[in-house]
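Asker: Sequence first, predicted coordinates after that:
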Amino acid sequence: MQVILMTGPPYAGKGTQCAHLATATGFKHLSTGERIRWEKDQGTPLGKLMSNEEKGQLVPDEVMEELIRLMLQENKESKGIILDGYPRTIPQVDTLLQLLTDNRLAISKVINLQVPRTELLRRAKERARSSSRRDDQDEGIHTERITVFEQESLPAITYLSSLVPILNINGEGTENSTKQLILEEFM
C-alpha cells in the first residue's frame, strides 16, 4: 500500500485536494480532522479525549497516535492512502514513521501546500460563511489555528523534509490550478 501525506496550513485546501487526488489515484482519503469530529460527535472513548481541537489547539500527540493506529488498521487493505493533516508536530512525525514501519509501510510522497497567511485568513472567513461546522464560526479560532500551525507544524514539516523528500506546491491559486499542479506529479 502506498502512503501519501498532505500537509499545509489550515484553510490551505488540503481536504479538497486530497479528495481530487483520491479520485485520480483510487487511494483512500483519510482526513484526521473529519475523523476527530466524528469521534467527538459519537462520544467514543477516543473522542472524549479530544477537547482542544475546537479552540484551535492541536489534539494531544498520544491521542493522535491511537487515532492514526486505528485508521491504518481499518484501511490496511486499501490500494493506497492519502493522510490529510497528520503529522502536525515533531513527535507525531516520529510516531507516524514508527507506525508505518510496524505495519511494513513507508511514505511514498509528501505534498506540502503553501499558502500565505493573508490568503488563509480570507479562505477561513469564506469557509465560515459556507460551512455549518461549529469550529469555523469564530474568527479568533482562525487566527489561533494558523498561529499553532506556524509554531508547531512548520517545524514538523521542516523535520519531515530532512527525512523524506517533500513536494512543495503553491496552493495560493484556484482549486483547479492547485489540483493540476498536484496531479502533474502523479501522471
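Answerer: Sure thing, it's come through.
Asker: Now do the top strand by length along the chain: distance to the chain's middle.
Answerer: In the chain, ranked by residue count with DSSP state E as the criterion, the top strand is strand 107-114. Relative to its chain's centre, strand 107-114 lies at 10 Å (Cα atoms, centre = their mean, to the nearest Å).
Asker: Let me know the next secondary structure element after that strand.
Answerer: helix 117-130 (DSSP states H and E).
Asker: can I get the CA coordinates of stretch 20-38 in CSV?
Answerer: Taking Å, rounded to 0.1, in the frame of the first residue of the first chain, the C-alpha atoms of stretch 20-38 are listed here in CSV:
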residue,chain,number,x,y,z
HIS,A,20,-9.2,15.2,-6.0
LEU,A,21,-6.1,13.1,-5.6
ALA,A,22,-8.1,10.2,-4.2
THR,A,23,-10.4,10.3,-7.2
ALA,A,24,-7.4,10.3,-9.6
THR,A,25,-5.5,7.6,-7.8
GLY,A,26,-8.1,5.3,-6.3
PHE,A,27,-6.5,5.8,-2.9
LYS,A,28,-8.5,6.2,0.3
HIS,A,29,-8.6,9.8,1.7
LEU,A,30,-8.1,9.7,5.4
SER,A,31,-8.9,13.1,7.0
THR,A,32,-7.8,13.3,10.6
GLY,A,33,-10.0,16.4,11.1
GLU,A,34,-13.1,14.6,9.9
ARG,A,35,-12.3,11.6,12.0
ILE,A,36,-11.7,13.8,15.1
ARG,A,37,-15.1,15.4,14.6
TRP,A,38,-16.8,12.0,14.1
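Asker: Would you mind listing the buried residues in it?
Answerer: Using 16 or more other Cβ atoms under 10 Å as the test for burial, stretch 20-38 gives 20-22, 25, 27-33, 35-37. Using the backbone N, CA and C atoms, a C-beta is placed for each residue, glycine as well.
Asker: just the residues you listed now: which is nearest N103?
Answerer: Within these, the smallest distance to N103 is 13.6 Å, found for L30 (Cβ to Cβ).
Asker: and the gap between the closest one and Q92?
Answerer: L30 sits 14 Å away from Q92, going by Cβ to Cβ, to the nearest Å.
Asker: packing partners for the longest strand of the chain?
Answerer: The criterion is 3 or more Cβ pairs under 8 Å, 6 or more residues apart in numbering; DSSP states H and E, and the helices and strands that strand 107-114 contacts are strand 2-7, helix 14-25, helix 154-161, strand 166-170.
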